[in-house]
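Colleague: Provided below are the primary sequence and the corresponding predicted coordinates.
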Amino acid sequence: MSAERLAGRFIGLGITGSIAAYKSVELLRLLEAEGAEVQVLLTPSATRFVAPLTLVALSGRPAETDVLALLPDGRIGHIVTADTADAIVVAPATAHWLGAMANGLAADAVTAVCLATSAPVIVAPAMDGEMYAHPATQANVARLRDGFGYAIVEPEAGPLASGQSGVGRLAELGRIVDAVVAAVAGRPVRQPDPAARPPVLAGRPRDADLDGRHIVVTAGGTREAIDPVRFIGNRSSGKMGVAIAEAALDRGARVSLIAGSVEVPLPAGAQVVRVESTAELEAALGSLLEPEPHERPRFDALVMAAAVADFRPGHPSPSKLSRGSSLSLDLEPTPDLLAGAVRAALRLVPRPIIVGFAAETGSLSRAIEKLTRKGVDLLVANDVAEAGSGFGTDTNRVTLLAADGPAEGWPLLTKREVADRLLDRLAARLDARDAAAQTGRSEVRQESRT
């Protein structure tokens, strides 16, 4: 099971005009680290404390700042969030906002979404100590808690922006995240269909955590000739592999894309090698896996997203076969390219990270066995018979298997979102690999001086 407590959840994050609004940036990161997708909503005064562009870059969605704004497809933005969010968390919540919410005054996107939703609402107040202690504020807090059923994450004591000290500091962010987790515990994901949620921006800005890395991606299906006209193939569109290549480019990587039969445009920034058969794919991989002098690898990671044919005609006809009453084909197994890549990578220093894919139907038990048998670092497994998770779709529901950790079951995501999550894990592994190698070299140098 995934260690992300909010995996698959969609959370609305409301931000109001408090000096503590700057902390909402880190709160957004913490929610995403727990696996949540986040839609940010800001009151007009909140935009004076934290730039919407920062929140857009981190969340990957346009921030809602206008209660009257429409989404690009014409839907009402705050209503879509209200109908699809698993929870709404308002942090920080000012005294003004508490009063408006307690009296149902929907003058901003944050109040409007809370009025329109049936999802749990978590409120974390932040203000001057005397302001929070005022009977009016306490009455509003009590009404939200006791009358509306909202979870209140009480502010903490400490230094305040006014220079005074008192109870009014925004609660520690971990407490707020814990309150969100508790609010959705035991509830099903409200709307797992990504298309029903507010849209994700194309080309979401990402940290350049793959800058200087060389990532090799295989994509699409292979075609095995029966004769010069006909072939044995599969249903792969190449969308998943291309999404990985695009995501890696956006994160600063140099990308080599070995593309078989694909149905989508290939990214302009990648070095593209076109192949058709398994033999051609094997040759392209072989040129990259051949070590440079001193056994330096030519790449940092190999992501084998291509759907490689398991069988091919043993004796393809050199000329077109004539139509007959029947045709028998003598098929032979193709080479196991993934296992071969792992074996070749073992002699390289530093060893590249190898990621495999396993398209299954029904149980994923074969994928678990494949992880061990192939010797890959990571294996992305999915049930291609599941609606929205097969060949040719824009979405995918996968389970990430690791040789050295627990399985992660991800919700239905767009293939670009799957690509970004996979590259999050890959970037972390590359950093850990290099850190370990650096530590080892340091120890060697120290021993040589003693």
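Modeller: It's in.
Colleague: list the helices and strands the helix or strand containing residue 287 packs on?
Modeller: Assessed by DSSP states H and E, residue 287 sits inside helix 278-289. Helices and strands touching helix 278-289, by 3 or more C-beta pairs under 8 Å, 6 or more residues apart in numbering; DSSP states H and E, are strand 214-219, strand 254-259, helix 337-345. Any C-beta I mention is one placed from the backbone N, CA and C, and that applies to glycine too.
Colleague: hmm, 10 Å instead?
Modeller: Packed against helix 278-289, as judged by 3 or more C-beta pairs under 10 Å, 6 or more residues apart in numbering; DSSP states H and E, are the following elements: strand 214-219, strand 254-259, strand 271-274, strand 301-304, strand 311-313, helix 337-345.
Colleague: Got the confidence number for residue 446?
Modeller: The model reports residue 446 with a pLDDT of 37.
Colleague: I should have written residue 386 there, sorry.
Modeller: 81.
Colleague: Look up how far residue 87 lies from it.
Modeller: Residue 386 sits 26 Å away from residue 87, going by C-beta to C-beta, to the nearest Å.
Colleague: okay, the two: which has more neighbours?
Modeller: The neighbour comparison of residue 386 against residue 87 (other C-beta atoms under 10 Å) goes to residue 87, with 26 against 14.
Colleague: Could you list which residues are in contact with residue 242?
Modeller: Residue 242 is in contact with 217, 219-220, 257, 259, 262-267, 270, 305, 415-416, 419, counting by C-beta atoms under 10 Å, 6 or more residues apart in numbering.
Colleague: let's see it at 8 Å
Modeller: 219, 257, 259, 262, 264-267 (C-beta atoms under 8 Å, 6 or more residues apart in numbering).
Colleague: and what of residue 47?
Modeller: When contacts are counted by C-beta under 8 Å, 6+ apart, residue 47 touches residue 65.
Colleague: Using the three-state scheme, assign residue 53.
Modeller: Reduced to three states with DSSP: H, G, I helix; E, B strand; the rest coil, the structure at residue 53 is helix.
Colleague: how near is it to residue 28?
Modeller: The gap separating residue 53 from residue 28 is 13 Å, by C-beta to C-beta.
Colleague: neighbour count winner among those two?
Modeller: Neighbours were tallied for residue 53 and for residue 28 using other C-beta under 10 Å; the higher tally belongs to residue 28 (22 against 10).
Colleague: going on from the helix or strand where that one lies, what's the next piece of helix or strand?
Modeller: For residue 28, the enclosing helix or strand under DSSP H and E is helix 23-33. Using DSSP H and E, the helix or strand that follows helix 23-33 in sequence is strand 37-42.
Colleague: Domain parsing of this protein, as residue ranges.
Modeller: Annotated domains of the chain cover 10-194, 214-316+330-440 [automatic domain parsing].
Colleague: And those domains: which comes nearest residue 4?
Modeller: Within the domains of the chain, the stretch nearest residue 4 is domain 10-194; the backing value is 3.0 Å (C-beta to C-beta).
Colleague: Hmm, residue 210 is touching residue 255, no?
Modeller: No. Contact criterion C-beta atoms under 8 Å: residue 210 and residue 255 do not qualify, at 9.0 Å.
Colleague: Between the two, which contacts overlap?
Modeller: With C-beta under 8 Å, 6+ apart, residue 210 and residue 255 have common neighbours residue 248.
Colleague: And the contacts of residue 242, which is closest to residue 46?
Modeller: Distances from residue 46 to the contacts of residue 242, taken as C-beta to C-beta, are shortest for residue 267 (36.4 Å).
Colleague: residues in contact with the closest one?
Modeller: Residues in contact with residue 267 (C-beta under 8 Å, 6+ apart) are 242, 245-246, 249, 255, 257.
Colleague: For those residues, could you give me a markdown table that also reports pLDDT?
Modeller: A markdown table is the format used below for the contacts of residue 267 (pLDDT from 0 to 100):
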| residue | pLDDT |
| --- | --- |
| 242 | 95 |
| 245 | 96 |
| 246 | 93 |
| 249 | 93 |
| 255 | 96 |
| 257 | 96 |
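Colleague: so can I have TSV of the residues you listed showing distance to residue 314?
Modeller: Listed next are the contacts of residue 267 as TSV, based on distance: C-beta to C-beta, whole Å:
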residue	distance to residue 314
242	32
245	33
246	37
249	39
255	35
257	30
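Colleague: Just the buried ones from those?
Modeller: 242, 245-246, 249, 255, 257 (16 or more other C-beta atoms under 10 Å).
Colleague: from those residues, which single one is nearest residue 382?
Modeller: Each of the buried ones among the contacts of residue 267 was scored against residue 382 by C-beta to C-beta, and residue 242 proved nearest at 16.3 Å.
Colleague: how close does that closest one get to residue 265?
Modeller: According to C-beta to C-beta, residue 242 and residue 265 sit 8 Å apart.
Colleague: ok, now residue 402?
Modeller: Residue 402 is 32 Å from residue 265, by C-beta to C-beta.
Colleague: Of these two, which one has the most company?
Modeller: The residue with more neighbours, out of residue 402 and residue 265, is residue 402; 15 against 9, by other C-beta under 10 Å.
Colleague: Name the helix or strand for residue 157, please.
Modeller: strand 156-159.
Colleague: could you say what helices and strands that strand packs with?
Modeller: Helices and strands touching strand 156-159, by 3+ C-beta pairs under 8 Å, 6+ apart, are strand 165-169.
Colleague: need the next SSE after the strand it packs on, C-terminal direction.
Modeller: Counting by DSSP H and E, the element after strand 165-169 in chain order, helix or strand, is helix 173-184.
Colleague: Next, the angle from that next one to helix 23-33.
Modeller: Here helix 173-184 runs at an angle of 50 degrees relative to helix 23-33 (axes from the mean of the first three to the mean of the last three C-alpha atoms, to 10 degrees).
Colleague: Many thanks, we can stop here.
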